[in-house]
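Sequence plus the predicted model coming up.
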Amino acid sequence: GAVVSQHPSWVICKSGTSVKIECRSLDFQATTMFWYRQFPKQSLMLMATSNEGSKATYEQGVEKDKFLINHASLTLSTLTVTSAHPEDSSFYICSARKPGGSNIQYFGAGTRLSVL
Amino acid sequence: GENVEQHPSTLSVQEGDSAVIKCTYSDSASNYFPWYKQELGKRPQLIIDIRSNVGEKKDQRIAVTLNKTAKHFSLHITETQPEDSAVYFCAASINDKLIFGTGTRLQVFP
């Protein structure tokens, strides 16, 4: 199997606070994980590629100082939304890819972030 | 960069009919094309995928075709059932990243 766990599933926070989202590959090691954002009724937009042991690669237009990514182990990547504002409210989804050259990405269940 | 277009944005069919969703991509270097099904508020689930060295792949009621020359790929669902109702996303892989299409909301009426 290939199970990816994401936590929390839902978080409400006040404007200006920071929120950390965790993405874990439960039954395989993932050297590469991906973070996406999905607004209601829209597609998945890739935010960044998380590489174990190195800095994340951010897509154009994504603020690296606002969306901090850490991939400290082969099974865990975290996304921290710093100084969150209402416009950061969205559905954040991670995915992980098995090593060995496979292109298949397995997705977490997503985190719905609401910033008040 | 890679751009993936998907049509139609919504599709309504009667139970038992077939559904076809089409995607085009821009970068000829793309070599992997998955299709995901996403139910409301849930994670995307891989339903079928195809690699650039294959023209067609089938898995029970689901099939995907790829035309590399035209840079088109399509999802075909036969004998649709109400539980097929969801949003379907195509994607193209370029430089190990997936670029997603805009999605198709499929509704299957009993």
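Arrived safely, thanks for sending. Numbers count the residues shown, from 1 in each chain, chains lettered A, B, ... in the order given.

middle-most residue in chain A, spatially?
When C-alpha atoms, centre = their mean is applied to chain A, the residue found nearest the centroid is residue A:35 (3.6 Å).

Report the contact partners of it.
A:23, A:46, A:47, A:48, A:50, A:67, A:69, A:77, A:79, A:92, A:93, A:94 (C-beta atoms under 8 Å, 6 or more residues apart in numbering or on different chains). In this view, the C-beta of every residue, glycine as well, is placed from N, C-alpha and C.

same question, residue A:97
By C-beta under 8 Å, 6+ apart, the neighbours of residue A:97 are A:30, A:31, A:32, A:33, A:34, A:103, A:104, A:105, A:106, B:96.

near chain A, which residues of chain B?
B:31-32, B:34, B:36, B:41-46, B:49, B:51, B:89, B:93, B:96-103 (C-beta under 8 Å from any C-beta of the partner chain).

rerun at 6 Å
B:32, B:43, B:44, B:93, B:97, B:100, B:102, B:103 (C-beta under 6 Å from any C-beta of the partner chain).

Pull the number of nearby residues for the residue nearest to residue A:81 when sequence neighbours are not counted.
Ranked by C-beta to C-beta, 6 or more residues apart in numbering or on different chains and with sequence neighbours excluded, the top spatial neighbour of residue A:81 is residue A:19, at 4.8 Å. When neighbours are counted by other C-beta atoms under 10 Å in any protein chain shown, residue A:19 registers 18.

Residue A:71 sits in which helix or strand?
strand A:67-73 (DSSP states H and E).

Let's see that strand as CSV, backbone CA atoms only.
The C-alpha trace of strand A:67-73 is given here as CSV (Å, rounded to 0.1, in the frame of the first residue of the first chain):
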residue,chain,number,x,y,z
PHE,A,67,5.0,29.1,3.6
LEU,A,68,7.8,27.4,5.4
ILE,A,69,8.5,23.8,4.5
ASN,A,70,10.6,21.4,6.4
HIS,A,71,11.3,17.8,5.3
ALA,A,72,13.5,16.6,8.1
SER,A,73,12.9,12.8,7.7
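
Report the distance from that strand to the chain centre.
9 Å (C-alpha atoms, centre = their mean, to the nearest Å).

From residue A:115, how far off is residue B:12?
Note on residue B:12: its distance to residue A:115, by C-beta to C-beta, to the nearest Å, is 35 Å.

Enumerate every residue touching the residue sitting furthest away from the middle of chain A.
For chain A, the largest distance from the centre (C-alpha atoms, centre = their mean) belongs to residue A:100, which lies 21.8 Å off. The contact partners of residue A:100, by C-beta atoms under 6 Å, 6 or more residues apart in numbering or on different chains, come to none.
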